[in-house]
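Participant: the following comprises the amino acid sequence and a computationally predicted model.
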Amino acid sequence: MDQVRVLSPATVANVVCGFDCLGFALEGPADNMLLSKTSAQDITIIHRDNFGLSTDPTRNVAGVALQAFMDAAGVDHGFELEITKQIMPGSGIGSSSASACGAVVAANLLTGEPFSAHELIELAMAGEAVASGARHADNLAPCILGGFTVVRSAEPLDVIRIESPELYAIVVHPQIEVRTADARTILPQEVPLRSAIKNWSNLAALIAGLYRGDMDLISRCLVDEIVEPARQHLIPLFREVRSAAMSAGSLGGGISGSGPSIFMLANSREAAERVEQAMRDIYSGTDIIFKSYVSRIARDGVRQAE
Ligand code: HSE
């Protein structure tokens, strides 16, 4: 095999009370990436999209991740990577992670799968660090493993895939860019013990709710007193959109990753479509341009495509 095409999905990190550790994968949108072996021992990147990302492999997230893969695998050839991004950079649904994960999973498929999924997350982290200025894996882990994942530790990497019931995510993306690196500089450096207790109580109970498939418990746990208060001003009409979603039957939700996307969870496709409409109605009455998506929580991460 000299060529492989993969679909690398969007992901939602943090999941309200799990800052920098909890995340889940969506079925779509997904970046389409075609990786080919070349004889020259270098990396060529071609973008078939209009996001204006660098094609310099040392500055492109996918290029950096691919180089980390090549160094670790010691391959005796190069790669050409053609990327058609569907996930807008700076959207808060794991655009840079999709680039990094798609690149390393495709390279693994083309080279006889020398690395495990966990090793691939580690290699993709090199690319993610270029985009966000920090080595965190809460988008990378679900992007590769699918489902919900917990990053217990980023260094050394320790990732756990979490069982979950059938759930739907609604993502509304106001078309403004929030850079993760910027959204991290506004976070509090110290947290009152009272707030920390609330967060880890909710996170622990959320994991129990996911394993039990207990929708009421999941709903009660989607609360965050630490990160959301510091970031919500970056997102237009955040409170109004979430409140409309709750009135329409959502289980709960909040800022997706570092924003500006807002995600909400629902327990059926019908409920998800009602929630999506309620969220759209808030922005439709304004001049805010936005996109919205409804997706089941994906069972798989990056997948091979035709
Ligand atoms: N956990 C990260 C953050 C996700 O919220 O900054 C964004 O990539």
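Facilitator: Perfect, thanks for sending it.

Participant: so which bits of the chain are right by the ligand?
Facilitator: Taking C-beta under 6 Å from any ligand atom as the contact definition, the chain meets the ligand at 13-14, 19-20, 132, 136, 138-139, 180, 183-184, 257-258. The C-beta positions use only the backbone N, C-alpha and C, and glycine is treated the same way.

Participant: okay if I get these as a markdown table plus distance to residue 171 and secondary structure?
Facilitator: Below are those laid out as a markdown table (distance: C-beta to C-beta, whole Å; DSSP: H, G, I helix; E, B strand; the rest coil):
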| residue | distance to residue 171 | secondary structure |
| --- | --- | --- |
| 13 | 12 | strand |
| 14 | 13 | coil |
| 19 | 18 | coil |
| 20 | 19 | coil |
| 132 | 19 | helix |
| 136 | 20 | coil |
| 138 | 16 | coil |
| 139 | 13 | coil |
| 180 | 16 | helix |
| 183 | 17 | helix |
| 184 | 21 | helix |
| 257 | 10 | coil |
| 258 | 14 | coil |
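
Participant: tell me the one of those nearest residue 305?
Facilitator: Closest approach to residue 305 among the residues of the chain next to the ligand (C-beta to C-beta): residue 139, at 20.2 Å.

Participant: check contacts around that closest one.
Facilitator: Residue 139 sits next to 11, 13, 23, 94, 96-97, 128, 257 when contact means C-beta atoms under 8 Å, 6 or more residues apart in numbering.

Participant: hmm, 6 Å instead?
Facilitator: 11, 13, 23, 94, 97 (C-beta atoms under 6 Å, 6 or more residues apart in numbering).

Participant: so which of the residues of the chain next to the ligand wins on neighbours?
Facilitator: Counting neighbours by other C-beta atoms under 10 Å, residue 139 leads those with 34 neighbours.

Participant: distance of that residue from residue 15?
Facilitator: 11 Å (C-beta to C-beta, to the nearest Å).

Participant: same thing with residue 190?
Facilitator: In terms of C-beta to C-beta, residue 190 sits 23 Å off from residue 15.

Participant: does the closest residue to the ligand within the stretch 1-150 of the chain have beta-bridge partners, and which?
Facilitator: In the stretch 1-150 of the chain, no residue comes nearer to the ligand than residue 13, which is 3.9 Å away by C-beta to the nearest ligand atom. Applying DSSP bridges to residue 13 yields these beta-bridge partners: residue 23.

Participant: pLDDT score assigned to it?
Facilitator: pLDDT recorded at residue 13 is 97.

Participant: then residue 30?
Facilitator: On pLDDT, residue 30 comes in at 98.

Participant: so which elements touch the strand or helix carrying it?
Facilitator: For residue 30, the host element (DSSP states H and E) is strand 22-38. On a contact count with 3 or more C-beta pairs under 6 Å, 6 or more residues apart in numbering; DSSP states H and E, strand 22-38 meets strand 3-13, strand 78-84, helix 95-110, helix 140-145, strand 148-153, strand 290-296.

Participant: out of these, indicate the one that is most buried.
Facilitator: A comparison of the helices and strands packed on strand 22-38 by mean neighbour count, using mean count of other C-beta atoms under 10 Å, puts helix 140-145 on top with a mean of 32.

Participant: elements contacting that one?
Facilitator: Short answer (3+ C-beta pairs under 6 Å, 6+ apart): helix 140-145 packs on strand 22-38, helix 95-110, helix 117-132, strand 148-153.

Participant: average pLDDT for it?
Facilitator: Mean predicted lDDT for helix 140-145 stands at 98.

Participant: go on, stretch 70-78?
Facilitator: The average pLDDT within stretch 70-78 is 95.

Participant: quick one: contacts of it?
Facilitator: So stretch 70-78 is in contact with 37-38, 40-42, 111, 114, going by C-beta under 6 Å, 6+ apart.

Participant: now do the same end-to-end measure for that stretch.
Facilitator: 8 Å (C-alpha to C-alpha, to the nearest Å).

Participant: give the buried residues for that stretch.
Facilitator: Judged by neighbour count (16 or more other C-beta atoms under 10 Å), stretch 70-78 contains these buried residues: 70, 72-73, 75, 78.
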